[in-house]
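Chemist: Prediction below, plus the sequence it came from.
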Amino acid sequence: MRVVVQRVKTSAVSVKGTIVAQIDKGLLVFLGVGAGDTKNDVDYLVRKIINLRVFEDQNGKLNYSLQDIKGEMLVVSQFTLYGDCRKGRRPSFSGAASLEKADALYQEFVQQVKSAGIKVATGVFQAEMLVKIENEGPLTLLLDSNKNF
C-alpha cells in the first residue's frame with residue numbers, strides 16, 4: 001500500500017462540479033492499494049499516519065501529530081500510485097489491486113481512521129475527481145507499507 005500525505009490548511013474533493021468532501025487543518029492522504037496488500041498493510045499505515053509528527057509546536061518544531069492537534073483527514077483513492085513508468089512511455093498499472101480488493105481495503109483504512117477518533121472525509125472511489133489542496137509548508141511525504149521508501 002502506498003500513500004502520499006500532504007499537510008493542508010484546507011482540502012476539498014469535487015465530482016462533476018459538486019463538492020463531495022471537505023476538511024480544514026489536517027492531512028490529505030492519497031491512497032493506492034497494491035495487488036499483494038492485506039489488512040496488515042492498512043493497520044501499519046493508519047497507525048503511522050495518524051501518529052506522524054508533522055505539525056509544529058509553539059517553537060516551530062514538528063512535534064505534534066494529527067491526533068495531537070485534533071486535525072481532520074481527507075482520504076482519496078489513487079490507483080495511479082502503482083503506475084510503473086520504467087518501461088516505455090505509458091504507465092503500467094499491473095501492480096495495483098483489483099477494484100474489489102482496492103475498495104475493500106480503502107474502506108477498511110477509512111474505518112480504522114474513524115475508529116481512532118479522527119474526523120474523516122473521503123473522495124468517491126473510482127470517480128473522476130477534482131482535488132483542491134491548500135498545502136501547508138508545503139509538507140508532502142511518501143509512505144509505503146512494504147517500507148520501500
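Modeler: Happy to help now that I have it.
Chemist: okay, the most centrally placed residue in the chain: pLDDT?
Modeler: The residue lying closest to the centre of the chain (CA atoms, centre = their mean) is V29, at 1.9 Å. At V29, the pLDDT value in this model is 98.
Chemist: and the gap between the nearest residue to it once chain neighbours are set aside and L143?
Modeler: Excluding its sequence neighbours, the residue lying closest to V29 (CB to CB, 6 or more residues apart in numbering) is V75, at 4.9 Å. (Each C-beta comes from the backbone N, C-alpha and C, glycine too.) Distance, V75 to L143, by CB to CB, to the nearest Å: 13 Å.
Chemist: Paired strands for the helix or strand hosting the residue nearest to V29, with orientation please.
Modeler: Assigned by DSSP states H and E, V75 falls within strand 72-77. Each strand paired with strand 72-77, and its direction, by DSSP bridges: strand 26-32 (parallel), strand 119-122 (parallel).
Chemist: among those, which is nearest V13?
Modeler: Proximity to V13 (CB to CB) singles out strand 119-122 among those, at 7.6 Å.
Chemist: Now do the same for that closest one: mean pLDDT, whole number.
Modeler: pLDDT averaged over strand 119-122 gives 98.
Chemist: For the helix or strand harbouring I49, enumerate the helices and strands it packs against.
Modeler: Using DSSP H and E, I49 sits in helix 39-51. In terms of contacts (3 or more CB pairs under 8 Å, 6 or more residues apart in numbering; DSSP states H and E), helix 39-51 is packed against strand 2-15, helix 66-69, helix 99-115, strand 130-144.
Chemist: out of the ones you listed, nearest to G83?
Modeler: Once the helices and strands packed on helix 39-51 are compared by CB to CB, strand 2-15 is nearest, at 10.3 Å.
Chemist: what are the C-alpha coordinates of the helix or strand that that closest one is followed by, in PDB please?
Modeler: Next helix or strand after strand 2-15 toward the C-terminus (DSSP H and E): strand 18-23. What follows is strand 18-23, C-alpha atoms only, in PDB (Å, rounded to 0.1, in the frame of the first residue of the first chain):
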ATOM      1  CA  THR A  18     -20.200  19.300  -6.700                       C
ATOM      2  CA  ILE A  19     -18.100  19.300  -3.600                       C
ATOM      3  CA  VAL A  20     -18.400  15.800  -2.000                       C
ATOM      4  CA  ALA A  21     -15.800  16.100   0.800                       C
ATOM      5  CA  GLN A  22     -14.000  18.900   2.500                       C
ATOM      6  CA  ILE A  23     -11.700  19.300   5.500                       C
END
